[in-house]
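Novice: only geometry, no sequence info:
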């Protein structure tokens, strides 16, 4: 299945940059250009501000976003009025942004526009549903830099990750950082295909077990899961409060169990706490006792490569309730400072480390 053909199998797609100037807008334009004659109705919006002519920090030229005839687009009133093509207005939201209300329209001719859409994932989900009701087969979301939350499977069905020389001038370091991000996106899922995960306890959890339904509805807090697959509330609202909230009883509960569900975000401090208190990383006959952290999806993780690696070496695992479908990684070999990496070498090294399609959209001959 080709890159573009696979995109068309989803109802929504996010394009996310690991860093500013990673080539996210070039990637979006590449996708729109190849979807214009697909026979599908395409909608496009943004969670940030994209399509301006010049970079606001470096002052360098930026690619503008081209909307093709028949496509649906969502942007702020200010930019709708400044568009360079004819369009039929379909709706105006009641939501007020600093740039006016959000306008949904259908392009009657081809032209360029600046996209400025929803600022939060709740509104974004409503926009995606609205677009579907208007006949869109797929909504493509141009994401704000490093806002990985919009790529959550609770928001969009699939994602494309843009990386490039702006992240690092060194190919080895660039590949290492990108591969780590991909590894988090690709964490095993326990609510779906549990056979992907090696832990026998997790593989035995059927999809319709009540505990999974409870976890779906749990937005905060830390919960142990015992051998009987029952939840134990640790009475701690956030992993960020763990060091200030633990006592001997909490330590004992954690040490007696192998799974911990975190309703909110997880950072290095949780992994460090588990290792320092011998909750994860306990020595046993086979090396170290396995300990699994479960989160809603990868967007809840704010981990450094060093801490994650240390946790994994000690037998620690992380799993998700919902896994994001990563379709491809695109590369931009040119940095905003002007230096240029070898695109072919960069793509080759990335392909050795990650198991998804890698392409430079400016050189792609699809």
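Specialist: That came through, no problem. Being a predicted model, the structure only gives us computed values, none of them experimental.
Novice: that's a helix at residue 255, yeah?
Specialist: Yes: note on residue 255: a helix contains this position according to DSSP: H, G, I helix; E, B strand; the rest coil.
Novice: since we're on it, how many residues are nearby?
Specialist: 17 (other CB atoms under 10 Å). All C-beta spots, glycine's among them, are computed from the backbone N, C-alpha and C.
Novice: Wait, it touches residue 278, no?
Specialist: Yes: between residue 255 and residue 278 there is a contact at 6.9 Å, judged by CB atoms under 8 Å.
Novice: Quick check: which helices or strands does the longest helix along the chain pack against?
Specialist: Counting residues, the longest helix found in the chain (DSSP state H) is helix 171-185. When contacts are defined as 3 or more CB pairs under 8 Å, 6 or more residues apart in numbering; DSSP states H and E, helix 171-185 packs onto strand 158-164, helix 305-313, strand 325-332, helix 343-353.
Novice: what's near enough to touch residue 234?
Specialist: Contacts for residue 234 (CB atoms under 8 Å, 6 or more residues apart in numbering) come out as 221, 222, 223, 224, 250, 253, 254.
Novice: And for residue 254?
Specialist: Residue 254 neighbours (CB under 8 Å, 6+ apart): 224, 234, 260, 274, 277, 279.
Novice: Just the pLDDT for the second one.
Specialist: Predicted confidence (pLDDT) for residue 234: 85.
Novice: do the last one as well
Specialist: At residue 279 the predicted local distance difference test score is 82.
Novice: do the same with the first one
Specialist: For residue 224, the model assigns a pLDDT of 87.
Novice: Can you give me the neighbour number for it?
Specialist: Neighbours of residue 224 (other CB under 10 Å): 19.
Novice: now do the fourth one
Specialist: Using other CB under 10 Å, residue 274 is surrounded by 22 other residues.
Novice: Spatially nearest residue to it, not counting backbone neighbours?
Specialist: Nearest residue to residue 274 in three dimensions, chain neighbours excluded: residue 280, at 4.0 Å (CB to CB, 6 or more residues apart in numbering).
Novice: you'd agree that neighbour is in a strand?
Specialist: No: assigned with three-state DSSP, residue 280 falls outside any strand and is coil.
Novice: I'd like to know the beta-bridge partner residues of residue 139.
Specialist: With DSSP bridges as the criterion, residue 139 is bridged to residue 12, residue 43.
Novice: Give me the distance between it and residue 291.
Specialist: Using CB to CB, to the nearest Å, we find residue 139 at a distance of 39 Å from residue 291.
Novice: same check, this time on residue 363
Specialist: Taking CB to CB, one finds residue 363 at 44 Å from residue 291.
Novice: Tell me which of the two has more neighbours.
Specialist: Remark: of residue 363 and residue 291, residue 291 carries more neighbours, 25 against 11, as counted by other CB under 10 Å.
Novice: Might one say that the more buried one is in contact with residue 319?
Specialist: No: in this structure residue 291 lies outside contact range of residue 319 using CB under 8 Å: 11.4 Å.
Novice: Pull the number of nearby residues for the spatially closest residue to residue 314 that is not a sequence neighbour.
Specialist: Leaving out its chain neighbours, the residue that sits closest to residue 314 by CB to CB, 6+ apart is residue 281, at 3.3 Å. Using other CB under 10 Å, residue 281 is surrounded by 21 other residues.
Novice: show me the contacts for residue 281.
Specialist: 274, 275, 288, 289, 291, 311, 314, 315, 316.
Novice: Which pair in these has the greatest spatial separation?
Specialist: 289 and 311 (12.7 Å; CB to CB).
Novice: Identify the contacts common to these two.
Specialist: Common neighbours of residue 289 and residue 311, counting by CB under 8 Å, 6+ apart, are 280, 281.
Novice: more crowded one of the two?
Specialist: Legend: neighbour count by other CB under 10 Å for residue 289 and residue 311, higher for residue 311 (23 against 18).
Novice: Find the nearest non-adjacent residue to the more buried one, please.
Specialist: Nearest non-adjacent residue to residue 311 (CB to CB, 6+ apart): residue 271, at 4.5 Å.
Novice: And the contacts of the strand or helix carrying that neighbour?
Specialist: Using DSSP states H and E, residue 271 maps to helix 268-276. For helix 268-276, the surrounding residues in contact (CB under 8 Å, 6+ apart) are 239-240, 242-243, 246, 254, 260, 262, 279-281, 291, 293, 302-304, 307-308, 310-311, 314, 316.
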